[in-house]
Every structure is written in structure tokens, then in C-alpha cells.
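J.: Need a 3D model of the following:
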Amino acid sequence: MTGEELYNKLSDMLVLPNAFEDWADYREKVTKYIIDNSESDRSIAILGAGRCNDLDLAKLKEHFSFITLFDRDENAMKEALRRYGLENNSDIDIEVRDFVGITDDDYAGYADLMISELNKKGRDSDLGEIAPLMIGRLEEIFKKTRSHSANIGIQQYDYATVFGVHSQLLNMLVWIWAVGLSNIGKTEKSVEERIKKEDLYQVKKLNDDINMLVRKGFFLGCEMSRNGIKGGVEGALQAMNDINRRNEKKLMKINNAAAITWPLNPKENINYQMCLLTVSTF
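T.: Numbering: from 1, shown residues only. Model prediction:
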């Protein structure tokens, strides 16, 4: 398997075919939370919109005067508009944006390096030699991401929603490495730790962008825990900590919080406990 094939396989696994049906109750509750905590006839940006399986665009359109979807997957956003019958609505727009700037080629090249090194000795691989090579490739990627701008603050909106986005900023890099380790039956922490460290930087960077994007505030949804797995969810935990820090320093204000279960994949019994926040900016 090539790095491109591995990356494409993992990307395909992120698309859950029954998500729209499985998330119906969750979608209704999240949409209601947003509507109940915002003024009507305002504009809103939906960051990481994808197919909008977690948000009812039709109900949001009744409440908000203008909506823009932001995501790196243009086809997914177009599918969302078709699903809700809004593809010809002049008050809804889509913007193709990548929040971190890691390209498909970057992911494939990273995976290629891993596969090439692990294939040399298989289960006898010396991770003490391979991990520094992987971190070296990560440094190249992160150098680029730090200078990348998503350009999401060109136009301001009254509100924004950011649900399940922070946990996905660098998750693919962790996932690719985890697959490689699983294939040789070994564990190694330094590569994942380097990604975690960069996650903190990227989370703060995205939150800075969100702060510049909105006039009134935003709605944040973060995965606090997953059933059957100890500990918090990488990226999401850092996002919550960063928002709490800004709240304590009076740079932002947390006005409302709610807890809700996200049935990500009922067939596999994968659920996340989500924390929803209503945050005002100054």
C-alpha cells in the first residue's frame, strides 16, 4: 500500500453513510441550542460545515438572514445544500477553506515515509531510528502550517459555529502513525507527543481567527470524552482550555454551557460527550 492509498482509505472512513439518519436527535438539539442562544435575522458562519449532518440548515436559514459554510471539502458542502434544498438560495454561500494548510500530498508523503521505513524490517523495526525521521517530516509540515492563513476573517459575521473542528485539525497525522504502529505491533510516543504540542499552537491560532471573524460571538462544540476510552479528546481539550483561559482574562465571555451526547457511530457503539458553549467576543 502506498501513502496515498492509506491516506485515501482513512479519509473514506471519516464519511459515515448513515450519519444524517443516526444524528437526527443530536442535530435537532444542537440546532435548537444555536437558535435559542442567538438573535434572529443575523449572519452566521459555519466552520467545518462538511455535509451539515449535525446542523439543520433549513431551520438555521429560517432564523439567520445569511449563512456561509466553510470547509476544505467543496463537494461535501454542495451536498449539504442539495440535501436541504438550498442550493439556489442567494442567502447561503460556501467558501472552500483549509484551517491548517496540510495538503493531500503532505499527508500522502508523510504516510509514504512511514510505510517505507516500517517495511524495511517490519516487526523488527527500530522505532528509535524511525521516529526522529517522522518528526523531521512533521517539522517540515508544521513550518508550512504556521505560515498558512485560512483567510476566514475577510468578511465578518455576527455569529459562527465551530463543532468538532478543533479535534480534527491534526488528527489525520496521529491516525496515520497509529496505523503504522498497529501493523507492526509496537507503541511509540514521541511522534504523537510532537503532534500534541503542535495541536496547542493550531488551536490557539484557530481561536484567534474565530475571534476576528465574529461581531457578537460563537458557538463551540468540543468532544470531552468518548465512551470506553479514558482521558480527554486531543485538540478538543486544548480548545476548551484555551477558551476558559480567555474567559478568565476577560478576553471572551462564556455565557452558556450545555452537555449533549453525540452518537457518532451507533452501529459501533461510538459516542462522544460534547460540551457546547456560547461565547461572546469583545
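J.: Nearest to the middle of the protein, which residue? Look it up for me.
T.: Nearest to the centroid of the C-alpha atoms of the chain, with distances taken as CA atoms, centre = their mean, sits residue 165, at 2.3 Å.
J.: So that one is in contact with residue 47, correct?
T.: Yes - between residue 165 and residue 47 there is a contact under CB atoms under 8 Å: 5.7 Å. Bear in mind the C-beta positions are built from the backbone N, C-alpha and C, glycine included.
J.: what residues do these two have in common as contacts?
T.: Taking CB atoms under 8 Å, 6 or more residues apart in numbering as the contact criterion, the common neighbours of residue 165 and residue 47 are residue 99.
J.: Now do the strands in the stretch 151-282 of the chain.
T.: Here the stretch 151-282 of the chain has its strands, by DSSP state E, counting those that start in this stretch, at 157-163, 214-226, 252-265, 270-281.
J.: Need the winner for burial among the ones you listed.
T.: Most buried of the strands of the stretch 151-282 of the chain by mean neighbour count (mean count of other CB atoms under 10 Å) is strand 157-163; its value is a mean of 23.
J.: Which elements pack onto that strand?
T.: helix 24-36, strand 43-47, helix 190-213, strand 214-226 (3 or more CB pairs under 8 Å, 6 or more residues apart in numbering; DSSP states H and E).
J.: Could you list every helix and strand in contact with the last one?
T.: The reference is to strand 214-226. In terms of contacts (3+ CB pairs under 8 Å, 6+ apart), strand 214-226 is packed against helix 24-36, strand 157-163, helix 236-248, strand 270-281.
J.: now the angle from it to strand 252-265?
T.: Angle of strand 214-226 versus strand 252-265, following axes from the mean of the first three to the mean of the last three CA atoms, to 10 degrees, is 50 degrees.
J.: tell me the angle strand 214-226 makes with strand 270-281.
T.: With the same axes, to 10 degrees defining the directions, strand 214-226 sits at 150 degrees from strand 270-281.
J.: what's the answer for the first one, then?
T.: Counting by the same axes, to 10 degrees, helix 24-36 points 10 degrees away from the direction of strand 270-281.
J.: how about helix 24-36: buried residues?
T.: For helix 24-36, a neighbour-count test (16 or more other CB atoms under 10 Å) marks 26, 27, 29, 30, 31, 33, 34 as buried.
J.: Let's test this: mean pLDDT of that helix, rounded?
T.: The pLDDT scores in helix 24-36 average 97.
J.: ok, and what's touching that helix?
T.: 20, 44, 53-56, 59-60, 63, 159, 161, 163, 219, 221, 258, 260-263, 276.
J.: again, only this time at 10 Å
T.: Residues outside helix 24-36 that contact it (CB atoms under 10 Å, 6 or more residues apart in numbering): 19-20, 23, 44, 46, 52-60, 62-64, 159, 161, 163, 219, 221, 256, 258, 260-264, 271-272, 274, 276, 278.
J.: Export only the CA atoms of it, formatted as PDB.
T.: Presented in PDB, the C-alpha positions along helix 24-36 are these (Å, rounded to 0.1, in the frame of the first residue of the first chain):
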ATOM      1  CA  ALA A  24     -31.300  13.200  13.800                       C
ATOM      2  CA  ASP A  25     -31.900  13.800  17.600                       C
ATOM      3  CA  TYR A  26     -28.400  15.300  18.100                       C
ATOM      4  CA  ARG A  27     -28.800  17.600  15.100                       C
ATOM      5  CA  GLU A  28     -32.200  18.800  16.400                       C
ATOM      6  CA  LYS A  29     -30.700  19.600  19.800                       C
ATOM      7  CA  VAL A  30     -27.600  21.400  18.500                       C
ATOM      8  CA  THR A  31     -29.700  23.400  16.100                       C
ATOM      9  CA  LYS A  32     -32.100  24.400  18.800                       C
ATOM     10  CA  TYR A  33     -29.200  25.400  21.100                       C
ATOM     11  CA  ILE A  34     -27.800  27.700  18.500                       C
ATOM     12  CA  ILE A  35     -31.200  29.300  17.700                       C
ATOM     13  CA  ASP A  36     -32.100  29.700  21.400                       C
END
